[in-house]
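Peer 1: The amino acid sequence is not available; the structure is as follows:
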């Protein structure tokens, strides 16, 4: 143990109640330097939630769950591990650290109208500037990076007295995991990376291209499904018609503002509608609604889309300030404009997302990223990479790229999965494969044949309540 680790105070965990969990868990905080190169400056507290092992086993390494976004709080997953999939904590502690800038760790939330952002324009310059002004009163926005988060995670590991740990990352959480694997290799026992986002991905450079791939696969899936094909035989021209109509004139929609309950008129734009379609391709549970959303919109009814947006707009699920601090430093500066145009050409999504994030980053302070950060992560840690064949943002090719630098890695593609697993069944298969890997990560054989048998639910053919 190095002298740096010896200086880290232990975390005093106390009994606590967490939303959605009946049993008592253990919670604590660890103070770290906001600027890790200036330890005498501002301190921030990291929220730590431990779901304790039900039947502790001394040789079982704890599982550190690293959340996605970036901007989602890991502590939001407490109920999942405590009650829904308890086998993960049967013999090991599950450790949930809210990444700096999220949850209970100095959250960088922006108090803007999410409905307007989702229906009109993702990053209105005035809203971004106001969020920056408010957050800079209590945070140095250049200090909220993946490398800082990885080092925070290792401080928590040391403070809790663990030696080696298992990692799980989904989406951006895989980048967090990869950076941890590079910076703290001696403390990684194994890792599962679901939907890997490598350090050189330059999000959202490939969003349009990869989103179009996933959308084309959805059209093919619907056409080959008797019920969906019969209900929605003209999805491609219907979508083209909706986008042309919205490009000519945004559609006025009067809705209740989820923050105030007051009626508010929004104007649905072409870019926002296409982005919502792409967003719904992320998980099987939402992907199956896309044909209905497109068909109803072609009839002038945006209800199915708006209902979904409203359900997700009651409060910030992603700390947008943290999202911008990470992506404006690690991704957007490395986007080549000419390449972005080439990749977006011929897609329904176009340059909307790239333009919105580049505009937002012009308003946002950014950290300098070392050249090493963009290099592929090399690690000897046993690693299981999981990709969804229908993933619109981290398709299987990225899993193949990451695997090339992990000599003890293996890559499995789940045919009917997308980016997040919500909705695909049976989940017991996926959990069983991951648990088997964690039990013996160096085993030559992994019983994973059931992954190819996992199935998405049937397409939604009508709105709830319709005849």
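Peer 2: Okay, I see it. Bear in mind the structure is a predicted one, so any value in this text is a computation, not a measurement. Numbers count the residues shown, from 1 in each chain.
Peer 1: In the longest helix anywhere in the chain, which residues are buried?
Peer 2: Looking across the chain with DSSP state H, the single longest helix is helix 207-224. Under the neighbour-count criterion of 16 or more other Cβ atoms under 10 Å, helix 207-224 has 207-215, 217-219, 221-222 buried. Where C-beta positions appear, they are placed from N, C-alpha and C, glycine not excepted.
Peer 1: Just name whatever secondary elements that helix is in contact with.
Peer 2: If you count contacts as 3 or more Cβ pairs under 8 Å, 6 or more residues apart in numbering; DSSP states H and E, helix 207-224 packs onto helix 226-231, helix 235-248, helix 270-279, helix 290-298, helix 337-344, helix 352-362.
Peer 1: Out of those helices, which gets nearest to residue 104?
Peer 2: With Cβ to Cβ as the criterion, residue 104 lies closest to helix 352-362 of these, at 25.1 Å.
Peer 1: tell me the mean pLDDT over the closest one?
Peer 2: Helix 352-362 shows a mean pLDDT of 98.
Peer 1: what pairs with whichever helix or strand comes after it, and is each one parallel or antiparallel?
Peer 2: Next along the chain after helix 352-362, taking DSSP states H and E as the criterion, comes strand 383-388. Next to strand 383-388 in the sheet, as set by DSSP bridges, lie strand 188-194 (parallel), strand 409-414 (parallel).
Peer 1: sorry, back to before: and the contacts of the longest helix of the chain?
Peer 2: 228-229, 232-233, 235-236, 277-278, 281, 287, 290-291, 343-344, 346-351, 353-354, 389-395, 418, 459 (Cβ atoms under 8 Å, 6 or more residues apart in numbering).
Peer 1: returning to that earlier point: most tightly surrounded among the strands paired with strand 383-388?
Peer 2: strand 188-194 (a mean of 25; mean count of other Cβ atoms under 10 Å).
Peer 1: For the nearest residue to residue 214 once chain neighbours are set aside, list the residues it contacts.
Peer 2: Among residues not flanking residue 214 along the chain, residue 392 sits closest, at 3.5 Å (Cβ to Cβ, 6 or more residues apart in numbering). Going by Cβ under 8 Å, 6+ apart, residue 392 touches 207, 210, 211, 213, 214, 215, 278, 281, 282, 418, 419.
Peer 1: so how many other residues sit close to residue 39?
Peer 2: Residues lying near residue 39 (other Cβ atoms under 10 Å) number 11.
Peer 1: re the thing from before, any idea which of the buried residues of helix 207-224 is the one closest to residue 55?
Peer 2: residue 214 (40.9 Å).
Peer 1: quick one: what helix or strand has residue 50 in it?
Peer 2: According to DSSP H and E, residue 50 maps onto strand 43-51.
Peer 1: Buried by neighbour count: which residues of that strand qualify?
Peer 2: Within strand 43-51, the residues scored as buried using 16+ other Cβ under 10 Å are 44, 46, 47, 48, 49, 50, 51.
Peer 1: Enumerate the beta-bridge partners assigned to the last one.
Peer 2: According to DSSP bridges, residue 94 are recorded as the beta-bridge partners of residue 51.
Peer 1: Wait, it touches residue 96, no?
Peer 2: Yes - if you go by Cβ atoms under 8 Å, residue 51 and residue 96 touch, sitting 7.1 Å apart.
Peer 1: Quick check: neighbours shared by the two?
Peer 2: Residues touching both residue 51 and residue 96 by Cβ under 8 Å, 6+ apart: 78, 81.
Peer 1: Just put the buried residues of strand 43-51 in a markdown table and tack on distance to residue 142.
Peer 2: Listed next are the buried residues of strand 43-51 as a markdown table, based on distance: Cβ to Cβ, whole Å:
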| residue | distance to residue 142 |
| --- | --- |
| 44 | 14 |
| 46 | 18 |
| 47 | 22 |
| 48 | 24 |
| 49 | 27 |
| 50 | 30 |
| 51 | 33 |
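Peer 1: Show me the strands in the stretch 1-150 of the chain, by range?
Peer 2: Assigned by DSSP state E, counting those that start in this stretch, the stretch 1-150 of the chain shows strands spanning 14-16, 25-33, 43-51, 63-66, 94-97.
Peer 1: I'd like these as a markdown table, with mean pLDDT appended.
Peer 2: Output for those, formatted as a markdown table (pLDDT from 0 to 100):
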| stretch | mean pLDDT |
| --- | --- |
| strand 14-16 | 96 |
| strand 25-33 | 97 |
| strand 43-51 | 98 |
| strand 63-66 | 98 |
| strand 94-97 | 98 |
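Peer 1: So for residue 333, which of these sits nearest?
Peer 2: Closest to residue 333 of those is strand 63-66 (Cβ to Cβ; 23.5 Å).
Peer 1: who does that closest one pair up with?
Peer 2: Strand pairing (DSSP bridges) places strand 63-66 next to strand 94-97 (parallel), strand 165-170 (parallel).
Peer 1: any idea which helix or strand comes after the last one?
Peer 2: Beyond strand 165-170 on the C-terminal side, the first helix or strand identified by DSSP H and E is helix 172-183.
Peer 1: which other helices and strands contact that next one?
Peer 2: Secondary-structure packing of helix 172-183 (3+ Cβ pairs under 8 Å, 6+ apart): strand 63-66, helix 146-160, strand 165-170, strand 188-194.
Peer 1: Can you pull out the residues in contact with that helix?
Peer 2: By Cβ under 8 Å, 6+ apart, helix 172-183 touches 65-70, 99, 146-147, 149-151, 153-154, 167-169, 188, 191, 193-199, 201, 326, 373, 377-379, 381, 383, 394, 402.
Peer 1: burial count for residue 421?
Peer 2: Residues near residue 421, counting by other Cβ under 10 Å: 21.
Peer 1: show me the contacts for the closest residue to it other than its chain neighbours.
Peer 2: Distances taken as Cβ to Cβ, 6+ apart place residue 430 nearest to residue 421, at 6.1 Å, with adjacent residues excluded. Each residue near residue 430 by Cβ under 8 Å, 6+ apart is listed here: 386, 414, 421, 424, 451, 454.
Peer 1: Since that was my last question, I'll sign off now.
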